[in-house]
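>>> next one to model:
(one chain, ligands or ions: 1)
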Amino acid sequence: MSMIVDPGLEQVVAARTRLSDVQGGSGRLTIAGFALEDIAHRATFEEMVYLLWRDALPNRTELQSFTRSLGEARSLPDQTLDLLRAAAERRAALMDALRMGVASLDVEDDSEQQSMNLVSQSASIVATYQRLLNGDAPVPPDRSLGHAANYLWMLTGEVPDPEHVRALETYLNAVIDHGLNASTFAARVIIATGSDLVSALAGAVGALKGPLHGGAPGPALDMVFEIESADRAEAFLRAKLERGERLMGFGHRVYKVRDPRADVLAGATRRLYHYGSGDAALYELAIDVERTALRLLEEYKPGRNLQTNVEYYTALLLHCLGFPVSLFTPTFAISRTAGWIAHCREQIETGKLIRPSSHYIGPNDRVWKEADDRE
Ligand SMILES: CC(C)(COP(=O)(O)OP(=O)(O)OC[C@H]1O[C@@H](n2cnc3c(N)ncnc32)[C@H](O)[C@@H]1OP(=O)(O)O)[C@@H](O)C(=O)NCCC(=O)NCCS
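Sure, this is the predicted structure:
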């Protein structure tokens, strides 16, 4: 049988999914039947999770019960708290602490309870660890708050502003699922062996941590900071392109038109700044930098269709919420956890082990020699 070698698996369709559809050519992202721009700014995070896991939006009673169950699953077991304290003493990076924290959670027999625990506790791990790193006491979860509000509460110990909750929730909704991306594929490979959700998610966090996946929101923000003022933007960006460098926050492997998540996040970020949160001067500068960058990218890379990607506005939105750069990827992870779990459930339904082939390119004619006879 002749086989095609495709190291990046770009041409391989490895799963059927009803969860999300990424149409790179037209810039459409569909989440369980909804256009992202129709749902991200309206739904609570709990509604998005319910939609992915149950393939329908909950009615009022179902939503209340689901929200309550997620809220009750937030407390971390002692072994996880001990581990986070030890990691903070060693100043482990947040994504490493999240990977270790997830891996330390108990494996449950009941997959529904396990799913709830993983979504709720991954947020608790990040918020708790961030406080420990800063030398602050962890803030216990508040069951009366929704997922996004509770995350802000556990990070700051302050009752969150509803506008901030809405902005964060829009962000979490916008990145909850995105086709068969690398971390989702990693989770599906692990669960397909008959392993458990804790193991699948620990692997997925590991995959998301890589700079080619977890993204570049930090460098995108650094670039805006470095430009400092709008009148420096053109010279700065032109010099970068002349040196053959890439502009962070622009271009995408799949989207060849504007990333629909960038639009959704741009709207949420605009709203936050107009509301009076964050640094309005930085926001205006970022808009100017974006306009100049798009013009110069068309000049230097004509026909490549390089557009603003999700990372650019992720950086602005999370910065405006007061998040340090180190929290950007972990916050992405706590949303994507719900998507990973939804994919694991689909994969379990197939009952199929994922086991691609490899093409051997080594020798076939080696002759065994005892250790003493080897050169
Ligand atoms: C995301 C990314 C890796 C996708 O890359 P890709 O689909 O593999 O595209 P390619 O690397 O084939 O690039 C195609 C062309 O566009 C150029 N290009 C791509 N992104 C660019 C960017 N951000 N700035 C300047 N040039 C860029 C490449 O240099 C290449 O030019 P060439 O044809 O003259 O060689 C790439 O756009 C990038 O590095 N962007 C910046 C980092 C970033 O924002 N990452 C977050 C992604 S969500």
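
>>> state the distance from the residue in the stretch 201-350 of the chain that the ligand sits nearest to to residue 304.
At 2.2 Å from the ligand, residue 251 is the closest residue in the stretch 201-350 of the chain, using CB to the nearest ligand atom. Where C-beta positions appear, they are placed from N, C-alpha and C, glycine not excepted. Using CB to CB, to the nearest Å, residue 251 is found at 8 Å from residue 304.

>>> more crowded one of the two?
Just comparing residue 251 and residue 304: by other CB atoms under 10 Å the higher neighbour count belongs to residue 251, 18 against 11.

>>> list the contacts for the more buried one?
297, 304, 306, 307, 309 (CB atoms under 8 Å, 6 or more residues apart in numbering).

>>> how close does the second one get to residue 247?
Residue 304 sits at a distance of 12 Å from residue 247 (criterion: CB to CB).

>>> overlap in contacts, the two.
residue 297.

>>> which helix or which strand is home to the residue most central in space within the chain?
Most central in the chain under CA atoms, centre = their mean is residue 332, positioned 3.1 Å from the mean C-alpha point. For residue 332, the element it lies in under DSSP states H and E is helix 328-350.

>>> buried stuff in stretch 220-239?
220, 221, 223, 224, 227, 230, 233, 234, 236, 237 (16 or more other CB atoms under 10 Å).

>>> contact partners for the fifth one?
Just to be clear, that refers to residue 227. With CB under 8 Å, 6+ apart, residue 227 has these contacts: 233, 236, 237, 285, 289.

>>> repeat that for 10 Å
Applying CB atoms under 10 Å, 6 or more residues apart in numbering to residue 227 gives the contacts 233, 234, 235, 236, 237, 285, 286, 288, 289, 292, 293.

>>> pLDDT value on it, please?
Here the pLDDT value assigned to residue 227 is 94.

>>> near the ligand, which residues of the stretch 201-350 of the chain show up?
Residues of the stretch 201-350 of the chain found near the ligand (CB under 6 Å from any ligand atom) are 215-216, 246-253, 297, 301, 304, 306, 309-311.

>>> make it 8 Å
212, 215-217, 219-220, 241, 244-254, 259, 297, 300-301, 304, 306, 309-312 (CB under 8 Å from any ligand atom).

>>> in helices, which of those appear?
217, 219, 220, 241, 297, 300, 310, 311, 312 (DSSP state H).

>>> neighbour-wise, give me the winner out of those.
residue 312 (29 neighbours).

>>> doesn't residue 286 make contact with it?
Yes - assessed by CB atoms under 10 Å, residue 312 is found in contact with residue 286 at 7.7 Å.

>>> residues in contact with residue 20?
Here residue 20 is in contact with 29-34, 36, 52, 176-181, 184, 339, 342-343 (CB under 10 Å, 6+ apart).

>>> which of these fall in helices?
Reading helices off these with DSSP H, I get 36, 52, 184, 339, 342, 343.

>>> quick one, what contacts the fourth one?
For residue 339, the residues meeting the contact criterion (CB under 10 Å, 6+ apart) are 19-20, 31, 48-49, 52, 175-179, 181, 183-184, 187, 204.

>>> which residues does residue 79 contact?
Contacts of residue 79 by CB under 10 Å, 6+ apart are 101, 104, 105, 106.

>>> what number of residues are in the vicinity of residue 103?
16.

>>> the chain should start at 41 in everything you say after this.
Right, with 41 as the first residue, what we last looked at is residue 143.

>>> any idea how far it lies from residue 235?
From residue 143 to residue 235 the distance is 12 Å (CB to CB).

>>> what sits in contact with each of these two?
residue 243.

>>> on that earlier part again, going by distance to residue 359, which of the contacts of residue 119 wins?
Lowest distance from residue 359 to those (CB to CB) belongs to residue 141, with 24.6 Å.

>>> find the nearest non-adjacent residue to the closest one, please.
Leaving aside its sequence neighbours, residue 141 sits nearest to residue 165 (CB to CB, 6 or more residues apart in numbering; 3.8 Å).

>>> quick check: that neighbour touching residue 159?
No - using CB under 10 Å, residue 165 is not in contact with residue 159; the gap is 11.4 Å.

>>> circling back to that earlier point, report the buried members of the contacts of residue 60.
69-72, 74, 76, 92, 216-221, 224, 379, 382-383.

>>> okay, stretch 375-382 in CSV with CA atoms only?
The C-alpha atoms that make up stretch 375-382 are tabulated as CSV, following Å, rounded to 0.1, in the frame of the first residue of the first chain:
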residue,chain,number,x,y,z
SER,A,375,-11.0,28.2,28.7
ARG,A,376,-9.6,25.6,26.2
THR,A,377,-9.9,23.0,29.0
ALA,A,378,-13.7,22.8,28.3
GLY,A,379,-13.0,22.3,24.6
TRP,A,380,-10.4,19.6,25.3
ILE,A,381,-12.9,17.7,27.4
ALA,A,382,-15.6,18.0,24.7
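
>>> off-centre distance for that stretch?
Distance of stretch 375-382 from the chain centroid (CA atoms, centre = their mean, to the nearest Å) equals 9 Å.

>>> stretch 232-244 now?
That offset, for stretch 232-244, works out to 17 Å (CA atoms, centre = their mean).

>>> where do the strands of the protein begin and end?
With DSSP state E as the criterion, the chain has strands at 60-63, 68-71, 74-75.

>>> just put these in a markdown table and tack on mean pLDDT and distance to the ligand.
Below are these laid out as a markdown table (pLDDT from 0 to 100; distance: least, CB to the nearest ligand atom, whole Å):
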| stretch | mean pLDDT | distance to the ligand |
| --- | --- | --- |
| strand 60-63 | 96 | 12 |
| strand 68-71 | 97 | 13 |
| strand 74-75 | 98 | 20 |
